[in-house]
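1. this is a predicted model, with the sequence first.
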Amino acid sequence: MHLQILTTLTLALSTLTTASSAINDFNCRPQNNSNPVVFLHGLGATYYEDLNLLQAFLQTQGFCTFAETYGAYDGFPFVGGLRPLADSAKEIAAYIKRVAHETGADKVDIVGHSEGAMQSLYVPKFEDGVSEIVERIVSIAPPTRGTTFIGLYNLAYILGDASREIIGGLLRAVGCPACDDLGPDGAAVERLNDGMPIVQAGNRLTVIASKFDEMVTPTSTSFVHEDGVENVWVQDLCPDDRIGHIGEAYDLHVWNIVKNALRDQVGKKFTCVPALG
Ligand SMILES: *[C@@H]1O[C@H](CO)[C@@H](O)[C@H](O)[C@H]1NC(C)=O
């Protein structure tokens, strides 16, 4: 598990400087009437890491992609997603509205990973004026019913010496309200599961999960059991893929599932890469 995480993080870090050129181009005009796609990163990440390679991939497929770091504390812009989910939700809602406004699009699609996946469910449900301008939601490994985030702090630590000090100091100073929010009885989890539907009218949700996710467990708790929701295992499409939680952001198979979900072709077959298994 650690080897896989290290490999994917190394891959991510080595491309930090190359993949961001076409993100947030408000002059981008999507092909085939597709919607602009807003990406919501995971806990401890930023707009330029975590989902950056997925964005680059989708750009090659003709999508216009947008992302912003959310949930960071003042003075620590490179560690996102720490603030309480309810606070971050307001930032994210404003950003989704801005993307719709500045691109002139009627509808925006959202792709989130981990905490960002949780927010892809939370923001349209609780922030005014968002579900109306959202069409598709693709939620990769959301802790829909909470997670203990075992190993979370360790994950931050392997980002490197510099960030270890920064993250260590930051967590000592401000803590991680989002971590508390995402626990099994966390405030955000309880609010999301308040008995009212998660999916709002006019929104189309695809949830993607891996049977080898080591952080959101049991892994099936990501899924949303409401009418019209597509709940997909990575292994439904590529049975030999053993990707874990962080790796899902960098997994070519996941990327293909996301692409097909954004084209309303969930479940469409593609070639699985044996080496990824
Ligand atoms: C638009 O359609 C073309 C031809 O099918 C395809 O290559 C391209 O990826 C599509 N773009 C999007 C955003 O789906």
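-> Everything's here; your move.
2. for the closest residue to the ligand within the chain, which non-adjacent residue is spatially closest?
-> Nearest residue of the chain to the ligand: Gly62, at 3.1 Å (CB to the nearest ligand atom). For every residue, glycine as well, the C-beta is placed using N, CA and C. For Gly62, ignoring the flanking residues on the chain, the nearest one in space by CB to CB, 6 or more residues apart in numbering is Gln31 at 3.7 Å.
3. okay, now that neighbour: neighbour count?
-> Neighbourhood size, Gln31 [other CB atoms under 10 Å]: 9.
4. next: Gly44.
-> Residues near Gly44, counting by other CB under 10 Å, number 28.
5. assign it to helix, strand or coil.
-> coil (DSSP: H, G, I helix; E, B strand; the rest coil).
6. one more: Asp240?
-> Following three-state DSSP, the label given to Asp240 is coil.
7. I'd say it and Ala275 touch.
-> No. Shown here, Asp240 and Ala275 do not form a contact pair, counting by CB atoms under 8 Å, at 9.9 Å.
8. just the CA atoms of stretch 248-261, as CSV, please.
-> Output in CSV follows, covering the C-alpha atoms of stretch 248-261 (Å, rounded to 0.1, in the frame of the first residue of the first chain):
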residue,chain,number,x,y,z
GLU,A,248,-7.6,6.8,-7.4
ALA,A,249,-6.8,10.3,-8.5
TYR,A,250,-4.0,9.1,-10.7
ASP,A,251,-5.4,5.9,-12.1
LEU,A,252,-6.0,5.8,-15.8
HIS,A,253,-8.9,3.4,-15.4
VAL,A,254,-10.6,5.9,-13.0
TRP,A,255,-9.9,8.6,-15.5
ASN,A,256,-11.7,6.7,-18.2
ILE,A,257,-14.7,6.1,-15.9
VAL,A,258,-14.8,9.8,-15.1
LYS,A,259,-14.6,10.7,-18.8
ASN,A,260,-17.4,8.4,-19.7
ALA,A,261,-19.5,9.6,-16.8
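9. strands along this structure, start to end?
-> Ranges of strands in the chain, per DSSP state E, are 37-40, 65-67, 108-113, 134-140, 204-209, 230-233.
10. export those strands to CSV and tack on mean neighbour count, distance to the ligand and mean pLDDT?
-> Below are the strands of the chain laid out as CSV (neighbours: other CB atoms under 10 Å; distance: least, CB to the nearest ligand atom, whole Å; pLDDT from 0 to 100):
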stretch, mean neighbour count, distance to the ligand, mean pLDDT
strand 37-40, 27, 9, 96
strand 65-67, 24, 10, 96
strand 108-113, 27, 10, 97
strand 134-140, 26, 12, 98
strand 204-209, 24, 15, 98
strand 230-233, 18, 18, 98
